[in-house]
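Student: Predicted model, plus sequence, below.
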Amino acid sequence: MFSYRTSALRDTGRVSERTVRDASFDVLRDRGLTTIFGNPGSTEVPFLAGFPDDLRFVLALHEASVVGLATGWALGRGEPAIALLHTTAGLGNAVAALATARVNRAPLVVLVGQQDRRHLALEPFLAGRLENLAGDYPVHVDLPLLARDVPGAIDHAWHEATTGRGPALVIVPMDDWLEPAGDAEAASPRRMLRPSAADEQTVAELTALVEGSESPAIVVGAGAADADSWAALITLAERLSCPVWQEAFGARPGFPQDHPLFAGFLPADRAGLRAALAGRDVILSVGAPVFRQYPFTPGALVESGTRVVVVTDDPAEAHRSPAELAVLATPAAICAQLAERLSQRENGPQDPLFNRPEPPAAPKAGASLRAGHVLFALADRLPADAVLVEETPSNRPELHNRIPARSPLGFVSAAMGGLGFALPGAAGLRMALPDRPVVAVVGDGSSLYTIQALWSAAYYRVGVLFIVLNNGGYAVMDRLAEQHGSAGPWPSFDIEISALAQTFGSEARRIEKHDALLAALDELIPGLAARTEPLVLEVVVEPDSTFRP
């Protein structure tokens, strides 16, 4: 058990007082925060100089990569990760990545360096107005009033990140680290129990509603992306013999996408949503809001008379869902109890509800590769336990159609929608899951947002296969501009990503032919789980002619 109280330490023959830094390191050890992702500046040097041997510091070359790595680590391990940012510039550079962590339900403890407390009132060089810089995306922000409160604030942030499943920030003036730890009380409970049992009355009410339905359907999201929720939802869906849809723009799968009752991905517009769910009298949304959209279109979300129920353990998700009934509880527990109480319905369709497209014809001699060639080849080769990280907006619908997620981390993306997550996120996932194959499919434009993450992957020997689809520009933006009737003002660009990757120390290859693509995947995929070095496959593809999210 850790303590923040003063103790005597021997230092070159004299007695020195235990510092805030010493006490903070004990908190990190106790909470398992022993791998720290950071891009340090001068305000963090008192914390980092002479770093303990039993803690690990992982350097990234940009703060978006710092938070992306930590987010991948947190998602892979299912527990908080810790990131270190440098005052205004560092936190400012990381805000979009912190927003992604929040929407991706990734618990992070984020230490933000600040100028020396003793002259902050004068706004010295590198002083930051930090408390509100990340807006509402942190689940918690703390600037301890006293230096000796810092260890307790870090421990408090660990609890806030765990409960809120998002980034919890602690701002630490640089002189605080070497101050005496003093006799500050621990500001958080040593242990916290979060009961997950389903409430009897809640389950009874939910059972009555669903049992009385004639044509139910289930919608799942990232809040159900764990093994217990999958098991409960499989049983529930089979008991109801009903279709299971994945929410639009879901960052993780809430149901096995090779199951016969998997119905596909909900459209991201109201007209498409109404059509997909037409005829369903009860919609049970589990671990997903009601309902995620992208372009605004007029009309209701569902047909008149359709009753909507949401089951989630995320209060904000429950509060913003226009549902008849919201159940704030652990999805796995509720769904397991619900499945036990419902009567078995007649067997559903014998054939799978979701039909995947036919393989694309191989390109003719001299013809360009298309994204579909790459995605089909991947689908045919990826093992069931592979972690597939996606950040290729123009090709995401086709990726969904071709590659089923067969494990709770079988698909991971940035739920916020901002670019720059995939490269560091995939590296962080692989660091957290060293025995699982990790593949990132990334657009060329997307890769440039955090291309620096390749340095971290190479330096720390993180064996991710990065497949960069190079279509020579921002294809999504081109298609969206065409839908508005005229071209946008941006130019196309052709950056040789493989050459750029090599400058960051990563092995890289550029592929332009179909047979070379198949040969590379046949060579690389079988050994991915044991791979210890990153590899970038830059695959030149022609831009898609349409974009329908």
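Tutor: Ah, there it is. Residues are numbered from 1 along each chain as shown.
Student: tally of neighbours for R118?
Tutor: With neighbours defined by other C-beta atoms under 10 Å, the count for R118 comes to 10. (C-beta placed from N, C-alpha, C; glycine too.)
Student: ok, now P144?
Tutor: For P144, the count of nearby residues is 22 (other C-beta under 10 Å).
Student: Thought R239 was touching E346, still the case?
Tutor: No: at 11.2 Å, E346 and R239 do not qualify as touching, with contact defined as C-beta atoms under 8 Å.
Student: So which of these two has more stuff around it?
Tutor: R239 (17 against 5).
Student: where's that one relative to V309, distance?
Tutor: R239 sits 16 Å away from V309, going by C-beta to C-beta, to the nearest Å.
Student: next one: V389
Tutor: With C-beta to C-beta as the criterion, V389 and V309 are 31 Å apart.
Student: between these two, who's got more neighbours?
Tutor: V389 (28 against 22).
Student: Now do the contacts for Y137.
Tutor: For Y137, the contact set (C-beta atoms under 8 Å, 6 or more residues apart in numbering) comprises 95, 98-99, 101-102, 166-167.
Student: Just flag the most distant two among these.
Tutor: The most widely separated members of the contacts of Y137 are V95 and G166, with 13.1 Å between them, by C-beta to C-beta.
Student: ok, those two, which is more surrounded?
Tutor: Comparing V95 with G166 by other C-beta under 10 Å, the one with more neighbours is G166, at 25 against 18.
Student: Now the phi/psi pair for the more buried one, please.
Tutor: G166 has phi and psi values of phi -170, psi -170 when expressed as degrees, to the nearest 10.
Student: who's in contact with it?
Tutor: With contact taken as C-beta under 8 Å, 6+ apart, G166 is in contact with 101-102, 105-108, 137-139.
Student: If we use 7 Å, what do you get?
Tutor: Going by C-beta atoms under 7 Å, 6 or more residues apart in numbering, G166 touches 101-102, 107, 138-139.
Student: Just the CA trace of stretch 230-250, in PDB.
Tutor: The C-alpha trace of stretch 230-250 is given here as PDB (Å, rounded to 0.1, in the frame of the first residue of the first chain):
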ATOM      1  CA  TRP A 230     -20.500 -10.500 -26.700                       C
ATOM      2  CA  ALA A 231     -21.400 -13.800 -25.000                       C
ATOM      3  CA  ALA A 232     -24.600 -12.200 -23.500                       C
ATOM      4  CA  LEU A 233     -25.600 -10.600 -26.800                       C
ATOM      5  CA  ILE A 234     -25.100 -13.800 -28.800                       C
ATOM      6  CA  THR A 235     -27.400 -15.600 -26.400                       C
ATOM      7  CA  LEU A 236     -30.000 -12.800 -26.400                       C
ATOM      8  CA  ALA A 237     -30.000 -12.500 -30.200                       C
ATOM      9  CA  GLU A 238     -30.400 -16.200 -30.700                       C
ATOM     10  CA  ARG A 239     -33.200 -16.300 -28.100                       C
ATOM     11  CA  LEU A 240     -35.000 -13.500 -30.000                       C
ATOM     12  CA  SER A 241     -34.000 -14.800 -33.400                       C
ATOM     13  CA  CYS A 242     -33.600 -11.200 -34.400                       C
ATOM     14  CA  PRO A 243     -31.200  -9.100 -36.500                       C
ATOM     15  CA  VAL A 244     -28.200  -7.400 -34.800                       C
ATOM     16  CA  TRP A 245     -27.000  -4.100 -36.400                       C
ATOM     17  CA  GLN A 246     -23.700  -2.300 -35.600                       C
ATOM     18  CA  GLU A 247     -24.000   1.400 -34.900                       C
ATOM     19  CA  ALA A 248     -22.800   3.800 -37.600                       C
ATOM     20  CA  PHE A 249     -19.200   5.000 -37.100                       C
ATOM     21  CA  GLY A 250     -18.700   2.600 -34.100                       C
END
